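K.L.:
Have a look at this prediction, sequence included:
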2 protein chains.
Amino acid sequence: MKKKITIAIDAMGGENAPKKNIEGLNFFLSKNKSNNDFIIHLYGDENVLKKEISKFNISNDLIKIVHTEAVVSDEESPLTAVKNSKNTSMWNSVKAQIEGGADISLSAGNTGVLLVISRMILKMMKDVSKPALAGLWPSKKGMSVVLDLGANIECDDKNLVDFSEMGAALYKSIFPNQKPYVSLLNIGSEEIKGTEMLKKAYLKLKDLSNENNFLFNGYIEGNELMDGNSNVIVTDGFTGNIALKTAEGTAKFLVDNLKKSLSENIFSKFSLIFSYFSLKKFKSKIDPRKYNGAIFLGLNGPVVKSHGSTDSIGFYHSIDLCYKIIKGNLMGQIRNNLNHLDARE
Amino acid sequence: MKKKITIAIDAMGGENAPKKNIEGLNFFLSKNKSNNDFIIHLYGDENVLKKEISKFNISNDLIKIVHTEAVVSDEESPLTAVKNSKNTSMWNSVKAQIEGGADISLSAGNTGVLLVISRMILKMMKDVSKPALAGLWPSKKGMSVVLDLGANIECDDKNLVDFSEMGAALYKSIFPNQKPYVSLLNIGSEEIKGTEMLKKAYLKLKDLSNENNFLFNGYIEGNELMDGNSNVIVTDGFTGNIALKTAEGTAKFLVDNLKKSLSENIFSKFSLIFSYFSLKKFKSKIDPRKYNGAIFLGLNGPVVKSHGSTDSIGFYHSIDLCYKIIKGNLMGQIRNNLNHLDARE
């Protein structure tokens, strides 16, 4: 019998935990009734979790609770995390990849602490110089992968090449029928534009580009992030984080203004009746919960970070992402892509 | 008699020039009928310009045409610009600040060439290490200034301090009744976050912050760019350009999706009748033409770059920006702020 996909969830991490975590899990289970190739390991206080679980009709065959009392606090600093967070639900859900047979770990808790302890417990992959945080980004053609979103504020060309190989592997694991088109984020599309680091990475990626691993699309500018012509967009963690937050802020600004406009008088309010379903579809298309879940790449096992403030639907999407990633053989894809680097040397 | 504000316009630069330039000028003149404190110098082919001008009722007292035959081509590279663009309408409109009594120059032509020849003709201000490109950005509370948007891909802490002083001066010249609140764009708001360059600039700005020049608000993240709590946002040119383009791309993505949603069926189309005025107001609030015009700061005279592809309304906003900047005594404000730096040393 094939081993089941095992997802280790920190059930106590994030706002409104464990309520939203269990609600999200229930949603995931009801969406995957016909799949019996997975099992969920829940890390947290057994009594509390059992109480939440009892609200739903969840089969005991699909889950396993691993009792863990301590929880990482939101105030915990990454500097003292290793000392203070041992044997918390977060720690144990990551450790589950070493000791508990888990394939992937998911937490909505403290981001800084999760990055530090994941790196400590899982260790970096051989030949990867820096790990990266990758996220999903909506585009005209579907969804793209963007990395690094903030794990490394300073990078060199070697890091950007690693990120490209890992990002392409991630994209292939989530979208097995699509080809990864890699681009470097820059301030112009001509070959002479940008920093020395980018120019060096550009030449290396041009050289490495091939049908089996990824196809290199050159540079793109910020306004092309969402046009979908490239679906793996690579940048350093500082720039990636600024781009991500700027996009979030811009979307919020526009949607707030639109809401205000559409409720400012009786006529516009009336118009909402007629546009209700269309606006609902619009809202669904740009719903950030659908893109919830940043993937920590470059360690000897994948860790997914859910937004702390997301709700049960957002948490469901993170669980679904974990499931897809493992089903799509992320670690195998990464190893394959990194071998491709070795072969070249 | 006080000298009139003299705006030198490259009437031949940008798409659809000189048609949109003259239409935009006409719009500016009709909005400023009661002001007689300015004169517009137009650089371009006299016959062509006269023909465009004759379409409107423009008084000869308000404009002066300076005949210039050559035009900078869109394909011209910044590298060969100095050799090839002498005596073009762009060159002469910048040179007008040295020889023609102009206070400010405006062009919608080739950006790279404009930056290079402006720097060559006007020279850098004493004590400014690098010039910067500043732009206007919509916010919840009105408008902010963001710089650098791409003049310098690599910066140090001294540059960021210069940009803060110049950006604050620009903000005060455009909004004389407001106080400039300066922030550095970063990937976290805690003092320990970010690059070494940012940390050094942070300490210097904290020290320089005062009621007369600017008030330092610390770090902000990308999602706070539009909340208006800081109205002068400072970053290096690489990050600023990525943030600007990402915001533009996100806005386009959302508005395109919204349009598609609101025209997808008969009900949503019907709703447009009732929401027409509200959506018009929404559109106007986020209309990029209102923010058209990037200001090149740090030279011995201000140069404004209009988007090449904007229309006459966008070009009007750039002329209006030039007028406001000079009325608000930009150069005096910059010198005053830079003296503030000297005083400290």
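P.N.:
That came through, no problem. Every value quoted in this text rests on a predicted model; they were computed, and no experiment measured them.

K.L.:
who touches A:I174 in this structure?
P.N.:
Taking C-beta atoms under 8 Å, 6 or more residues apart in numbering or on different chains, we find A:I174 in contact with A:136, A:143, A:145, A:321, A:324-325, A:328. Any C-beta I mention is one placed from the backbone N, CA and C, and that applies to glycine too.

K.L.:
List buried residues within the residues you listed.
P.N.:
A:136, A:143, A:145, A:321, A:325, A:328 (16 or more other C-beta atoms under 10 Å in any protein chain shown).

K.L.:
A:G44 contacts A:T68, correct?
P.N.:
Yes. Taking C-beta atoms under 8 Å as the definition, A:G44 is a contact partner of A:T68 at 5.8 Å.

K.L.:
what does the model give A:S34 for pLDDT?
P.N.:
Looking at A:S34, its pLDDT is 92.

K.L.:
tell me the SS of it?
P.N.:
coil (DSSP: H, G, I helix; E, B strand; the rest coil).

K.L.:
how close does it get to chain B?
P.N.:
32 Å (C-beta to the nearest C-beta, to the nearest Å).

K.L.:
picking that back up, if you count surrounding residues, which of A:G44 and A:T68 has more?
P.N.:
Using other C-beta atoms under 10 Å in any protein chain shown as the criterion, A:G44 and A:T68 rank with A:G44 on top: 29 against 22.

K.L.:
residues contacting the residue lying closest to that one once chain neighbours are set aside?
P.N.:
Closest residue to A:G44 apart from its sequence neighbours, by C-beta to C-beta, 6 or more residues apart in numbering or on different chains: A:A11 at 3.7 Å. A:A11 makes contact with A:17-18, A:21-22, A:42-44, A:49, A:89, according to C-beta under 8 Å, 6+ apart.

K.L.:
among these, which are in strands?
P.N.:
A:42-44 (DSSP state E).

K.L.:
and the helix or strand of chain A with the lowest mean pLDDT, is it in reach of chain B?
P.N.:
Least confident element among the helices and strands of chain A, by mean pLDDT, DSSP states H and E: helix A:266-285 (a mean of 74). Yes. Contact of helix A:266-285 with chain B (C-beta under 8 Å from any C-beta of the partner chain) involves A:267-268, A:270-275, A:277-279, A:281-282, A:285.

K.L.:
Which two of those residues have the greatest separation?
P.N.:
Among the residues of helix A:266-285 next to chain B, the pair separated by the greatest distance (C-beta to C-beta) is A:F267 and A:K285, at 25.6 Å.

K.L.:
quick one on the thing from earlier: report the buried members of the contacts of A:A11.
P.N.:
A:17-18, A:21-22, A:42-44, A:49, A:89.

K.L.:
Can you tell me which of the residues you listed is nearest A:S309?
P.N.:
Nearest to A:S309 out of the buried ones among the contacts of A:A11 is A:A17 (C-beta to C-beta; 11.2 Å).

K.L.:
Contacts only, for the closest one.
P.N.:
So A:A17 contacts A:11, A:44, A:108-109 (C-beta under 8 Å, 6+ apart).

K.L.:
can you tell me which of those lies nearest to chain B?
P.N.:
Chain B lies nearest to A:G109 out of the contacts of A:A17, by C-beta to the nearest C-beta, at 17.3 Å.

K.L.:
roughly how far apart are that closest one and A:S85?
P.N.:
When distance is defined by C-beta to C-beta, to the nearest Å, A:G109 is 9 Å away from A:S85.

K.L.:
Between these two, which contacts overlap?
P.N.:
A:V72.

K.L.:
which helices and strands does the lengthiest helix in chain A pack with?
P.N.:
For chain A, the helix that runs over the most residues, judged by DSSP state H, is helix A:237-262. With contacts defined as 3 or more C-beta pairs under 8 Å, 6 or more residues apart in numbering or on different chains; DSSP states H and E, the packing partners of helix A:237-262 are strand A:132-139, strand A:142-147, strand A:181-185, helix A:266-285, helix B:237-262, helix B:266-285.

K.L.:
ok, the shortest one: who's next to it in the sheet?
P.N.:
So the one you mean is strand A:181-185. Taking DSSP bridges as the criterion, strand A:181-185 sits next to strand A:215-220 (parallel), strand A:232-234 (parallel) in its sheet.

K.L.:
before we move on, could you check phi and psi at A:N16?
P.N.:
Main-chain torsions, A:N16, degrees, to the nearest 10: phi 60, psi 30.

K.L.:
For it, give me its contacts.
P.N.:
Counted by C-beta under 8 Å, 6+ apart, A:N16 has contacts A:D311.

K.L.:
One more: the one 3 residues further on?
P.N.:
Contact criterion C-beta under 8 Å, 6+ apart gives A:52, A:312 as the residues in contact with A:K19.

K.L.:
Which pLDDT value belongs to it?
P.N.:
Predicted confidence (pLDDT) for A:K19: 97.

K.L.:
As a check, name the ranges of all strands in the stretch 1-150 of chain A.
P.N.:
Along the stretch 1-150 of chain A, counting by DSSP state E, counting those that start in this stretch, strands occupy A:5-10, A:38-44, A:63-67, A:104-107, A:132-139, A:142-147.

K.L.:
domain ranges for chain A?
P.N.:
Split into domains by automatic domain parsing, chain A comes to A:1-128+A:298-328, A:130-290.

K.L.:
Now tabulate those in a markdown table and tack on distance to B:I53.
P.N.:
A markdown table is the format used below for the domains of chain A (distance: least, C-beta to C-beta, whole Å):
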| stretch | distance to B:I53 |
| --- | --- |
| domain A:1-128+A:298-328 | 57 |
| domain A:130-290 | 35 |
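
K.L.:
Looking at the ones you listed, spot the one closest to B:I242.
P.N.:
Here domain A:130-290 is closest among these (C-beta to C-beta), at 4.7 Å.
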